[in-house]
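Colleague: missing the sequence, but the structure's below:
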């Protein structure tokens, strides 16, 4: 089940919210849908889950929810389009190596806030940790490129590291589990206020 | 091992990031190095760890990573320099009944932090008091890192687990991996 971003927060031009349940993908392979968990996730180990910063339900009518001006690659408007060649983020490579801010300006400045919103008691969480401060950013590329959701849309895609508990891994199961409910907010600050 | 701030995020004038491992200081006493854990930390109890908002590797070539304009004590430029005697923060007397206190920039300090070890099977940190930082200016003994540089210093309270205490020190310390982001919003947008 994909999690698409909902409407902008009161018309915000900087923030997208994703709210729904994470479910493991039905078939193994690269993640091609917003918010699906790649197969093979194990408890207490990091698994990256990707979220394109757009509603990807209908790629022929792509609703890019954050305006181009948010991404400094489009400021000024005459600037060249971003390429698909690399990762960005406030820390690259991600731990256990010590990363440094890398890549596009908007990628370095992306802010993620996320939490579990399940009915599970806090003593038995489904998520042990979310690496909010260590997101990776890339531009959605062509199939086989390994970039983004491989839909070749050029939409920015944010990867967030999740650490599920053993109970969380069970809940992710697409046939038996009910999913892991989360709310995740991605903010791309305007470059003038970074 | 000290944790110095990395380069600014894409030229940000408000945010510094610290990434690395926390380790217990080699010699007991006031903390004098960025990100060292004072000796005597115990599990599940508050431990205040200080981070100067600059790379303190070479004090004779101090790179103050956030520009003066971020701190409203320097706005306008003709304003008097801040003194070194006040401790402030969004909760002046944490953890109980604290109210915002001190310089404006101190009250507005924002901290985000989490452990960054490769597995969550055995957490090393039980809690980080992100919303209860304390801020001061580096001064003489007991203020900041006691280096008398005038650099702003932010103290963050960590609660380590028993496994975390073992990782911090002991015979073969491996350290507690963390990532910390300190933001001081510009006063016009706080």
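Modeller: Here it is on my side, so go on. Everything numeric here is computed off the predicted structure, so don't read it as measured data.

Colleague: So what sits opposite the residue most central in space within chain B in the bridge?
Modeller: Centroid check for chain B by CA atoms, centre = their mean gives residue B:51 as the closest residue, at 2.9 Å. Under the criterion DSSP bridges, residue B:51 forms beta bridges with residue B:154.

Colleague: Look at the spatially most central residue of chain A and give its secondary structure.
Modeller: Of all residues in chain A, the one closest to the mean position by CA atoms, centre = their mean is residue A:51, 2.9 Å from it. Look at residue A:51: counting by DSSP: H, G, I helix; E, B strand; the rest coil, its state is strand.

Colleague: Which secondary structure element of chain B has the lowest mean pLDDT?
Modeller: The helix or strand of chain B with the poorest confidence is strand B:63-64; it has a mean of 63 (mean pLDDT, DSSP states H and E).

Colleague: Which helix or strand lies directly C-terminal to that one?
Modeller: Following strand B:63-64 in sequence order, the next helix or strand is helix B:104-107 (DSSP states H and E).

Colleague: How about that next one, which residues are buried there?
Modeller: Judged by neighbour count using 16 or more other CB atoms under 10 Å in any protein chain shown, the buried positions of helix B:104-107 are B:105-107. Every C-beta, even on glycine, is put in place using the N, C-alpha and C of the backbone.

Colleague: for chain B, what are the nearby residues on chain A?
Modeller: Contact residues (CB under 8 Å from any CB of the partner chain) of chain A with chain B: A:43-46, A:90-91, A:95-96, A:98-101, A:105, A:108-109, A:128-129, A:131-134, A:163, A:165, A:191, A:193-194.

Colleague: any weak-confidence spans in chain A?
Modeller: A:1, A:7, A:63-64, A:72-85, A:192-194 (pLDDT under 70).

Colleague: Counting by contacts, list what the helix of greatest length in it packs against.
Modeller: What stands out as the longest helix in chain A, according to DSSP state H, is helix A:166-172. Where contact means 3 or more CB pairs under 8 Å, 6 or more residues apart in numbering or on different chains; DSSP states H and E, helix A:166-172 is packed against strand A:15-24, strand A:180-187.

Colleague: Go again with 6 Å.
Modeller: strand A:180-187 (3 or more CB pairs under 6 Å, 6 or more residues apart in numbering or on different chains; DSSP states H and E).

Colleague: Name every strand pairing with the strand it packs on and say which way it goes.
Modeller: If you go by DSSP bridges, strand A:180-187 pairs up with strand A:15-24 (antiparallel), strand A:111-116 (antiparallel).

Colleague: how much space between the residue lying closest to residue A:99 once chain neighbours are set aside and residue A:133?
Modeller: With CB to CB, 6 or more residues apart in numbering or on different chains as the criterion, residue A:99 has its nearest non-adjacent residue at 3.5 Å, and that residue is residue A:91. Note on residue A:91: its distance to residue A:133, by CB to CB, to the nearest Å, is 7 Å.

Colleague: and what of residue A:51?
Modeller: Here the criterion is CB to CB. By it, residue A:51 lies 16 Å from residue A:133.

Colleague: Also residue B:148?
Modeller: As judged by CB to CB, residue B:148 and residue A:133 stand 31 Å apart.

Colleague: ok, back up a step: which ones among the residues of chain A next to chain B are found in strands?
Modeller: Secondary structure from DSSP state E places A:46, A:90-91, A:100-101, A:128-129, A:163 of those in strands.
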